[in-house]
Each structure stands twice: as C-alpha cells, then as structure tokens.
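In: Sequence first, predicted model second:
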Amino acid sequence: MERKQKSLETSSSQATGACVDSVFRFFSLPEEVSHHILSFLPVKDLVRYGGLSKKCQEFQLWTPSVNFVGFSSLPNNRHFRLLSCLDRFLFLRGDNKIRRFRVDWNLASGKTASIYNELYRVMTWVHAAVKCNVEELDLKLRVLEATTFELPICVFDCKSLSYLLVECGTALATPSVACSTNLQYIKLRKVKIDEGFCKWISFSCKCIKELHFEEVKVENITIDSSSLESFSLVSPSFCGLRQLLISGKKLEKIDIEWRCALPSGTSLDVSAPNLRSFKWTGNLLKHQNLGNLMCLEKAEIFLSPSADYNFDNAFGVLHSICKVKVLILSEETVKALFREGHIPAQFDDISYLAMNITSWDDDVVSAMVSLMKGMPNLNTLNLKSNHSINVPKPEECRFDRTCWKSQNLSFILELKEVTIELFCGNIELELASYILEDAKNLQKMVIIYSPQQSNLIRGLKKSKMNSTAIIVCQEKQRK
C-alpha cells in the first residue's frame, strides 16, 4: 500500500513538472506568438490559464484578443455570477490594449427586465473595449425581434476601430449621418436595416474598403463610395431586396448572391470602372446595367432566368463583361444568353473559359458554340459536368466530330490546355477528338471519367493527333 502511494505521488509530481515545463517553454516564445496562440481561447479558458501562475495572469491580462464566447444556458444565480466575473475581468485588464473583442451572447430569452439589464452590461463591455483602443469589434447577439438594436455612439467615434461585424437578428438602428467613422471593414449579418443605413455608409464612412451584407433585410440598397474596394452580398428571397445600386471608382471586387421569388420590379445597377473581379449568382432580373467594365479580369455568372425574361436585356450582361480575361458560366446562363441566329458577343481578350454543364443536348451545345465563336484567343477550356440524378441524359446530339469541324472555331489554333469531365460520354468525346485532331498547339488534355466510362477512354487514346499534347485520363473518386 505504501509503495502504491509513493507511485501515485511520483506520477503526480512528474505530471506537475511536465505542466510547469510546458508553461516555461510557452514563455520562451516571442511575445507576439504567445499572444496569437492565446487569442483563440474563449475567456473562460483564458481565465483558467491565468490561474496557473502570476506570470500567466500577467499574460492573460495583456492578451490583445478577448473572446466572450462559448457560454451555454445557465441557472439564474450562476448566470449573474458569470456576468460579474466578466465585468471583473475587464476591470482587471484596465486600459491594456484590446486588438479584437468578440461577444456571442443570447439576449432573447428570460424576463424582459433581465434582458434589458444584460443588454446594458454588454454595452458597458463595448465601452470598455473602445476605451482600450479596440481595432476589431465582433458582436453576435440574439436580441428580441421587437427590439431595435442601437450601437453606442462611442463605437463610431473610436479612432482605432477599423473592423465591425454585427449580427443581432433584429432591426439595427441607423447612425446619424453626422456621425463619421474610421471604419474600413463593415459586415452586417442577419439584421434589418433601412435605406438610411446605406446613406450613412455612403456619406459618413470615408475610409470604408470592404462591405459585406449577409441575410440583411432591406428593400433598396444604394451605396456610392469613393473609398470602397470590395462589396459582397448574400440575399435569399426572404430578405425582400428589390433594387441594388453600387457605385465606386476604387471598387475592384463585387460578389453578389441574390435570389428573388418574383424578378419583376428588381434591378441591379453597377458603376465600377476599375472592377477586376465580378461574381453574380441568383436570378436574371427585370433590369440589369453593369456599365462598361473595361478593367475586368475575372467574371463568374451563375444565373437562372425566369420564363418571361427579356433576352436583349440579359444579353447586355455579356457586352458589359466583353473585356474579361477569365470567364466562368453555368449552363442556365449560357442557354439564357444564346438565341439561334443571334450575333455572338465578342470576347477578344478571354484566355480562360469554364462552363458547368448538366445536360449535353443540342440546345446546350449550340449555345456553347455560339459563345465560343466570339473567343478567338481562348487558350484554356474547362468543361465540368454536374452529375445530378435528376438530370436526364440527352437522347441524341447532332454534334459529332464532323459537325464540330464545320463550326470553324477560330480559337482552335490558340488552344493549349483542355479539361473535359464526362457526363454522357460519347458527345463530349466527339469534342475531345475534334480538339486533338485540329488543335495544333495543344499542350495538355485532361479527361475526367467515371469507372463505367473506362471503355470509352480507350477509343480516345487512338484518336488522330496533330500536336504533341499530353493526354491525362483521370478516374473520378467515388463519393
């Protein structure tokens, strides 16, 4: 028994020694590295770390990232004690610099008086962070739906604050237009705003560089900024967005995912002469005007047309992006922007084209041909297939190798790299065979196939070739 007790004491001593040794090794790291590691800890783990030693407590109070996150529901007595502990933590920190302050807090449950008291406590934490020259403020709050959440004015007056994220699940009050700010990055998520908030961003956020709206309920968005560089929007149909107007001379990136139940009455207007990257997912609208995007380098268009869409209006989208170098399209977009006998848009600068194809039928392939006829300098072609069980395979397609030859596609002599993911098999391989035979400058072709299509690949390898291209046949991984 005595020997067992000594063994336990030895094990305990060794464990304590290992822990102390680990702590000292942690102190030997550069201070900025130690702080970066601690920045990932929620405050309850940070406090536990501070209890290891006096040195750890000093590190805890100087850590520039404070995360009030990871709290589950607690009984009332423990909940109020938690609030007091968090108050005390910020009090002990004093004026030590806070680079990033995150709060994830539920203010939507409990008695009304208690909820408003907690909201007041949360706002005192925000005041404390501002006093410590916070640079990034991340507020994820669950607030009663009938409540309008208002940020304290000190947030907008804070000269050090450059990043603000707000998620509250309810209406967000509009700051005064006279309330200017140094904010460079604003992200709003799951909030309701009015047009006045957009006006405040346009007139009072003179340093704004990046603006992100995600599930923001608002009918009209109008942003006109001389400093904005990046704008992104995720707006499902329940958000009720009808009009979007975005304007800025410094805008280089726009990413829009906008879905609407009824396209009638919807409009998109973009004025961004220096735009370099543009991505648009969702519905073709009643009206869209992208202007002349002469500096555009990359465009991704994934649009679903309504039954009564205006072709000429939609076709204007292609003319707006005619100077693009990299173009990625969905099958629905290709079909919507093609009409038999219509003069194809001219894309003289495109070097890379990617299309996501779900059905290789005559309509789709005809649309592809019409599109590619306007791309004389295309050198990289990437055709992906969406293997959905709900998409029937086409019965027959007239585009065999002879038909492809008859299209006189001028880019064929410029083509250097091709990737084709097989769906039906025969139709795509006719295109591959045509390219291998006529693309004299081809350097590489990649064919992605399923195990059931392996017999088709053998025939492709015997195709006549007028180039020294490498053929890579890659079997798809089973999911």
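Out: Good, I have the coordinates.
In: Distance across stretch 332-350, terminal residue to terminal residue?
Out: Terminal residues of stretch 332-350 lie 20 Å apart, using Cα to Cα, to the nearest Å.
In: Below-threshold pLDDT in the stretch 351-479 of the chain: ranges please.
Out: 386-398, 425, 459, 461-463, 478-479 (pLDDT under 70).
In: er, the stretch 101-250 of the chain I mean
Out: In the stretch 101-250 of the chain (pLDDT under 70), the answer is 108-113.
In: Helices of that one, residue ranges please.
Out: Taking DSSP state H, counting those that start in this stretch as the criterion, the stretch 101-250 of the chain contains helices spanning 112-131, 153-157, 195-204.
In: Let me know which of the ones you listed is tucked in deepest.
Out: helix 195-204 (a mean of 18; mean count of other Cβ atoms under 10 Å). No exception for glycine: its C-beta is placed from N, CA and C like everyone else's.
In: what packs against it?
Out: Applying 3 or more Cβ pairs under 8 Å, 6 or more residues apart in numbering; DSSP states H and E, one finds that helix 195-204 contacts strand 220-224.
In: who touches the strand it packs on?
Out: 195, 198-199, 201-202, 211, 213, 231, 233, 241-248 (Cβ atoms under 8 Å, 6 or more residues apart in numbering).
In: Give me the PyMOL select line for those residues, limited to the buried ones.
Out: Buried residues among the contacts of strand 220-224 (16 or more other Cβ atoms under 10 Å), as a PyMOL selection:
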select buried, resi 198+201+202+211+213+231+233+241+242+243+244+245+246+247+248
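In: In strands only, show me the contacts of strand 220-224.
Out: Leu211, Phe213, Phe231, Leu233, Gln243, Leu244, Leu245, Ile246, Ser247 (DSSP state E).
In: Same list (those) but as CSV, adding distance to Pro64.
Out: Listed next are those as CSV, based on distance: Cβ to Cβ, whole Å:
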residue, distance to Pro64
Leu211, 25
Phe213, 28
Phe231, 29
Leu233, 31
Gln243, 41
Leu244, 37
Leu245, 39
Ile246, 34
Ser247, 36
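In: quick one: which two of those residues are the most distant?
Out: Farthest-apart pair in the ones in strands among the contacts of strand 220-224 is Leu211 and Gln243; separation 16.6 Å (Cβ to Cβ).
In: Just give the nearest non-adjacent residue to Pro229, would you?
Out: One thing to correct before we go on: residue 229 is Glu, not Pro. Lys209 (4.7 Å; Cβ to Cβ, 6 or more residues apart in numbering).
In: How about the contacts made by the one you found?
Out: Taking Cβ under 8 Å, 6+ apart as the test, what Lys209 contacts is Gln184, Tyr185, Ser227, Leu228, Glu229, Ser230.
In: Pull out the buried members of these.
Out: Counted by 16+ other Cβ under 10 Å, the contacts of Lys209 give Gln184, Tyr185, Leu228, Glu229, Ser230 as buried.
In: now, which of these lie within strands?
Out: Tyr185, Ser230.
In: possible to save the buried ones among the contacts of Lys209 as a markdown table with distance to Lys416?
Out: Formatted as a markdown table, the buried ones among the contacts of Lys209 follow (distance: Cβ to Cβ, whole Å):
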| residue | distance to Lys416 |
| --- | --- |
| Gln184 | 41 |
| Tyr185 | 39 |
| Leu228 | 37 |
| Glu229 | 33 |
| Ser230 | 32 |
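In: nearest to Ala299, of the buried ones among the contacts of Lys209?
Out: Closest to Ala299, out of all of those and judged by Cβ to Cβ, is Ser230, at 15.6 Å.
In: Please point out which parts of stretch 133-152 sit buried.
Out: 133-144, 147, 149, 151.
In: As CSV, could you dump the C-alpha coordinates of it?
Out: Extracted C-alpha coordinates of stretch 133-152, given in CSV (Å, rounded to 0.1, in the frame of the first residue of the first chain):
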residue,chain,number,x,y,z
ASN,A,133,-8.5,51.3,-28.4
VAL,A,134,-10.1,48.2,-29.9
GLU,A,135,-9.4,47.6,-33.6
GLU,A,136,-11.9,44.8,-34.4
LEU,A,137,-15.3,44.5,-32.8
ASP,A,138,-17.4,41.3,-33.5
LEU,A,139,-20.9,41.4,-31.9
LYS,A,140,-23.0,38.3,-32.4
LEU,A,141,-26.2,39.0,-30.3
ARG,A,142,-29.6,37.3,-30.2
VAL,A,143,-32.0,40.2,-29.5
LEU,A,144,-35.8,40.2,-29.1
GLU,A,145,-37.3,40.6,-32.6
ALA,A,146,-39.4,43.6,-31.5
THR,A,147,-36.3,45.4,-30.3
THR,A,148,-34.2,47.9,-32.3
PHE,A,149,-30.6,47.4,-31.5
GLU,A,150,-28.6,50.5,-31.3
LEU,A,151,-24.8,50.7,-31.1
PRO,A,152,-23.3,53.2,-28.7
